[in-house]
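**Student:** Provided below for reference: sequence and predicted model.
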Amino acid sequence: MSSIVLTDGGMSDDQIVQLRAEAEQVAKDHYPSVAAAARDAGIAESTFHAWLKDTYAGKNDKVAADVAKWLAARREMQKAQAILPTKPPFQWIPSAKTMLPVLQFAHALPDFSVITTAPGIGKTSLLEHYRDTTPNVWLATMDPDTKGVNRMLSEICRSMGITERSASRLSQAIGQRVKGAQGLILVDEAQFLCVEALEQLRSIHARYKVGVVLSGNKSIHTNLYGGGKEDRGQLFSRVGAKHPHQVRPQSGDICQLLDAWNITDPEARKFLKSVANRIGALRALDKTITAASMFAAGAGEPLTLRHFESAWKMLDVKLIES
């Protein structure tokens, strides 16, 4: 089926019929429902559904124009996705190997443990890998909106597949899920949690004998220890295994990742090592390689230092290095 290209002159009836058939096929093949397709197109569900069935009583030309724009945007997105590189699988880089014992310790005892590093050292990748390869491990990611007790508990419930509408029963629902499971709750971006939320996690750990690992930046320590104040004793005395705060990747991390990406050119490796030693570290490295690979593929060229330099120029925000 040829695609309709919208022009200033509008579309003929035959073109609208063809467009309708294309939209219906796309909705069927790529979306769980017509409603989902309508949301992606930015068109009201009832309008989109009626337009597809040729029963819409409003201005069909206007809807057709919106549908044509949606389908054109989808095609452009597919072109971009087609040149995305295949990323290497999870790598057991040295930094991941030093963080792993904290997870295993917290899981086996169970214990209340902490991992902190600067951004982009690979914490989240390790947590995701551990969750995906180990039974009864749940990963909940926090953000500024989940810093309070109930929102945190709701996010943990979501990660466990628990549906509980009563805020007063969230902690109990989590307890019932982890009871006797020899489980581990991983809480990423835990620096966003308030002290009360951390206390709630401590209580769940102590009451239900489930491992908990807090992962994030070093401000977690401030919330946990509070300068050693006595009123935080119940909290910080529970902390067992800790990963020493890590500011930069370990020496072997970058080389192993460059090998995994099959980047062998010495000048390209030298440049990418400099990227990975800046703020954002291994995350910046991954983004730079991905963008450079897209640039090269889009131009039909072999991947070279020039593409990496162009990618970094696009991504670099000129932050002061620390």
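**Tutor:** Perfect, I can see it now.
**Student:** can you classify A311 by secondary structure?
**Tutor:** helix (DSSP: H, G, I helix; E, B strand; the rest coil).
**Student:** can you name the residues that contact it?
**Tutor:** Neighbour list for A311: K287, T288, I289, T290, A291, A292, F295 [criterion: C-beta atoms under 8 Å, 6 or more residues apart in numbering]. No exception for glycine: its C-beta is placed from N, CA and C like everyone else's.
**Student:** tell me how far it lies from T290.
**Tutor:** Between A311 and T290 the computed distance is 8 Å (C-beta to C-beta, to the nearest Å).
**Student:** how about S12?
**Tutor:** According to C-beta to C-beta, S12 and T290 sit 42 Å apart.
**Student:** between the two, which has more neighbouring residues?
**Tutor:** T290 (16 against 9; other C-beta atoms under 10 Å).
**Student:** so which other helices or strands are in contact with the helix or strand harbouring that one?
**Tutor:** If you go by DSSP states H and E, T290 is part of helix 281-299. Packing partners of helix 281-299 (3 or more C-beta pairs under 8 Å, 6 or more residues apart in numbering; DSSP states H and E): helix 251-260, helix 266-276, helix 305-315.
**Student:** quick check, distance from it to the centre of its chain.
**Tutor:** 17 Å (C-alpha atoms, centre = their mean, to the nearest Å).
**Student:** quick one, that helix and helix 305-315 angle?
**Tutor:** 120 degrees (axes from the mean of the first three to the mean of the last three C-alpha atoms, to 10 degrees).
**Student:** what about I220, neighbour count?
**Tutor:** I220: 23 surrounding residues under other C-beta under 10 Å.
**Student:** same check, this time on A299
**Tutor:** Around A299 sit 10 other residues, with neighbours defined as other C-beta under 10 Å.
**Student:** and it, how far is that from F271?
**Tutor:** Distance from A299 to F271, by C-beta to C-beta: 19 Å.
**Student:** just put the contacts of A311 in TSV and tack on pLDDT.
**Tutor:** TSV is the format used below for those (pLDDT from 0 to 100):
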residue	pLDDT
K287	95
T288	96
I289	97
T290	95
A291	95
A292	96
F295	93
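**Student:** average model confidence for the helix of greatest length in the chain?
**Tutor:** Criterion DSSP state H: the longest helix present in the chain is helix 60-82. Mean pLDDT, helix 60-82: 91.
**Student:** run the chain-centre distance for that helix.
**Tutor:** Its chain's C-alpha centre and that of helix 60-82 lie 26 Å apart, by C-alpha atoms, centre = their mean.
**Student:** could you do stretch 256-266 as well?
**Tutor:** Remark: stretch 256-266 is offset 24 Å from the chain centroid, using C-alpha atoms, centre = their mean.
**Student:** need the CA coordinates for that stretch. CSV is fine.
**Tutor:** Provided in CSV are the C-alpha atoms of stretch 256-266 (Å, rounded to 0.1, in the frame of the first residue of the first chain):
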residue,chain,number,x,y,z
GLN,A,256,35.6,-3.7,28.4
LEU,A,257,32.6,-1.7,27.1
LEU,A,258,34.6,-0.5,24.1
ASP,A,259,35.5,-4.1,23.3
ALA,A,260,31.9,-5.1,23.7
TRP,A,261,30.9,-2.4,21.1
ASN,A,262,33.7,-3.8,18.9
ILE,A,263,35.5,-0.4,18.7
THR,A,264,39.1,-1.1,17.8
ASP,A,265,40.4,2.2,16.2
PRO,A,266,43.0,3.5,18.7
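**Student:** quick one: contacts of that stretch?
**Tutor:** Residues from elsewhere that reach stretch 256-266 (C-beta under 8 Å, 6+ apart): 88-89, 91, 93-94, 269, 272-273, 276, 282, 285-286, 289, 303-305.
**Student:** ditto for stretch 133-152
**Tutor:** Outside stretch 133-152, the residues that touch it by C-beta under 8 Å, 6+ apart are 107, 124, 127-128, 130-131, 154-156, 158-160, 167, 170, 178, 181-190, 192-194, 196-197, 200-201, 216.
**Student:** just to revisit the earlier point, the longest helix of the chain packs against which elements?
**Tutor:** Contact here means 3+ C-beta pairs under 8 Å, 6+ apart; on that basis helix 60-82 packs against helix 13-30, helix 34-41, helix 45-52.
**Student:** dump those to a markdown table, plus mean pLDDT.
**Tutor:** Formatted as a markdown table, the helices and strands packed on helix 60-82 follow (pLDDT from 0 to 100):
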| stretch | mean pLDDT |
| --- | --- |
| helix 13-30 | 93 |
| helix 34-41 | 95 |
| helix 45-52 | 95 |
